[in-house]
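Peer 1: Everything below, folded, please.
(4 chains)
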Number of protein chains: 2
Amino acid sequence: MTEHAPLKLERFLPYRLSILSNTVSQAIAREYQQEFGLSMTEWRVMAVLARFEPLSAREVAEHTAMDKVAVSRALSRLVDAGRVDRERHDGDRRRSVLRLSEEGWRVHDAVAPRARKHEREMLAQLTTEEIDVLARILDKLAPV
Amino acid sequence: MTEHAPLKLERFLPYRLSILSNTVSQAIAREYQQEFGLSMTEWRVMAVLARFEPLSAREVAEHTAMDKVAVSRALSRLVDAGRVDRERHDGDRRRSVLRLSEEGWRVHDAVAPRARKHEREMLAQLTTEEIDVLARILDKLAPV
DNA sequence: TGCAAATGGTTACAGATGAAACTATAACGA
DNA sequence: TCGTTATAGTTTCATCTGTAACCATTTGCA
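Peer 2: Next comes the predicted model:
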């Protein structure tokens, strides 16, 4: 009989990472989805605007590691919802100039603490050594 | 002026995890997608069948952490492609009895080493301590 | 200048995904 | 035994996502 060496999925790192990441992201996403009708992509856009506004759509894409189509769609929803203000760039009329609206800031200020809370709950299960090493691992494997 | 405390997305753990997981998974997925027309979900189904066959669809779902709809769809594609054999369970005619076909095993034996190679390349960037701690972290946060 | 290539952003299409409804079969309890 | 409930699996629908094509504007250069 031939030897097949089946993959042990439950020990396979990329698989486990994907499970963990989906579990965590969905738990957080569910929260701001239900309460604010905000998708994960929309939240990411809001988060980078909160930190770096004003930005163009391309810059948002760079900061969020999303592609420009996803950003464009998230933005049109956010602008429609009155959470983001969009203007045209003076010198370059292709570019947009994006900022959180007052309402956008309100949503941000409500969501951000909950996101942080989820992160804390996750980290609470780890020792400080594990947290340090995890940060190092992420720096190595997924530099931002 | 009010204090807004914007979230530092690029330091936010769930975000970084999701980036890492997507990067890794997509790199692997691209490979078996191009060469075998195999999606990630289909590959996961094949991997658990390789290890635990025969299984019912529900059992596949449990092993892969996929929902039953996703499993059903992946299976119908795999059966159509002749990579999985599906029979009816003798005692319970609702249940299916799933096994890799010969062709399925050929695909599995071609894909599995590449998946492992990707994992090795990823781990090669880490020290043995980091690898150990990562395994511990995953055990704690995403027990399988 | 003026025309090709590059850039910012949107639209269109096709495939993937999740929730809920549905079909068929089996298990359970009066 | 009959009727209710539970389970295995599929289908449907609405939404999401990625790729490619597209439009408008700007840049680069002959």
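
Peer 1: Let me know the helix or strand that the residue nearest to the spatial centre of chain A is in.
Peer 2: The residue lying closest to the centre of chain A (C-alpha atoms, centre = their mean) is residue A:44, at 4.0 Å. Residue A:44 is located in helix A:40-52, with elements delineated by DSSP states H and E.

Peer 1: so where's chain A shaky on pLDDT?
Peer 2: Along chain A, segments meeting pLDDT under 70 span A:1-2.

Peer 1: ok, which residues in it are in contact with DNA strand C?
Peer 2: For chain A, the residues in contact with DNA strand C (C-beta under 7 Å from any atom of the strand) are A:56-59, A:68-69, A:71-73, A:75-76, A:92, A:94-96. For the C-beta atoms, the positions are set from N, CA and C on the backbone; glycine is no exception.

Peer 1: For the residues you listed, work out which two are farthest apart.
Peer 2: Using C-beta to C-beta, the two most remote members of the residues of chain A next to DNA strand C are A:73 and A:92, lying 22.1 Å apart.

Peer 1: Who has more neighbours out of the two?
Peer 2: Neighbours per residue, other C-beta atoms under 10 Å in any protein chain shown: of residue A:73 and residue A:92, the larger number sits with residue A:73, 15 against 10.

Peer 1: Give me the distance between that one and chain B.
Peer 2: 18 Å (C-beta to the nearest C-beta, to the nearest Å).

Peer 1: before we move on, what about residue A:19?
Peer 2: 5 Å.

Peer 1: residue contacts, the residue lying closest to that residue once chain neighbours are set aside?
Peer 2: Spatial nearest neighbour of residue A:19, chain neighbours left out: residue B:142 (5.0 Å); criterion: C-beta to C-beta, 6 or more residues apart in numbering or on different chains. Contact analysis of residue B:142 by C-beta atoms under 8 Å, 6 or more residues apart in numbering or on different chains lists A:16, A:19-20, A:23.

Peer 1: And for residue A:9?
Peer 2: Per C-beta under 8 Å, 6+ apart, neighbours of residue A:9: A:15, B:44, B:47-48, B:51, B:63-64.

Peer 1: now do 10 Å
Peer 2: A:15-16, A:19, B:43-48, B:50-52, B:63-65, B:115, B:144 (C-beta atoms under 10 Å, 6 or more residues apart in numbering or on different chains).

Peer 1: Quick check: nearest residue in space to it, chain neighbours excluded?
Peer 2: The nearest residue in space to residue A:9 (C-beta to C-beta, 6+ apart) is residue B:47, at 4.8 Å.

Peer 1: My read is that that neighbour contacts residue A:8, right?
Peer 2: Yes - with contact defined as C-beta atoms under 10 Å, residue B:47 counts as touching residue A:8 (8.5 Å).

Peer 1: Show me which of these two is the more surrounded one.
Peer 2: More neighbours surround residue B:47 than the other of residue B:47 and residue A:8, with 24 against 13 (other C-beta under 10 Å).

Peer 1: For DNA strand C, see how far away the more buried one is.
Peer 2: 15 Å (C-beta to the nearest atom of the strand, to the nearest Å).

Peer 1: the helices in chain A, which residues?
Peer 2: Taking DSSP state H, the helices of chain A run over residues A:13-36, A:40-52, A:57-64, A:68-80, A:102-123, A:128-141.

Peer 1: Quick check: which of the ones you listed is nearest to DNA strand D?
Peer 2: Checking the helices of chain A against DNA strand D by C-beta to the nearest atom of the strand gives helix A:68-80 as the closest, at 3.9 Å.

Peer 1: Show me what the closest one is packed against.
Peer 2: Using 3 or more C-beta pairs under 10 Å, 6 or more residues apart in numbering or on different chains; DSSP states H and E, the elements in contact with helix A:68-80 are helix A:40-52, helix A:57-64, strand A:84-88, strand A:96-100, helix A:102-123.

Peer 1: The last one versus helix A:13-36: what angle between them?
Peer 2: Put simply, helix A:102-123 runs at 140 degrees to helix A:13-36, going by axes from the mean of the first three to the mean of the last three C-alpha atoms, to 10 degrees.

Peer 1: Report whether helix A:102-123 contacts chain B.
Peer 2: Yes - in terms of C-beta under 10 Å from any C-beta of the partner chain, part of helix A:102-123 sits within range of chain B, namely A:105, A:108-109, A:111-113, A:115-116, A:118-120, A:122-123.

Peer 1: Who are the packing partners of that helix?
Peer 2: helix A:13-36, helix A:40-52, helix A:68-80, strand A:84-88, strand A:96-100, helix A:128-141, helix B:13-36, helix B:128-141.
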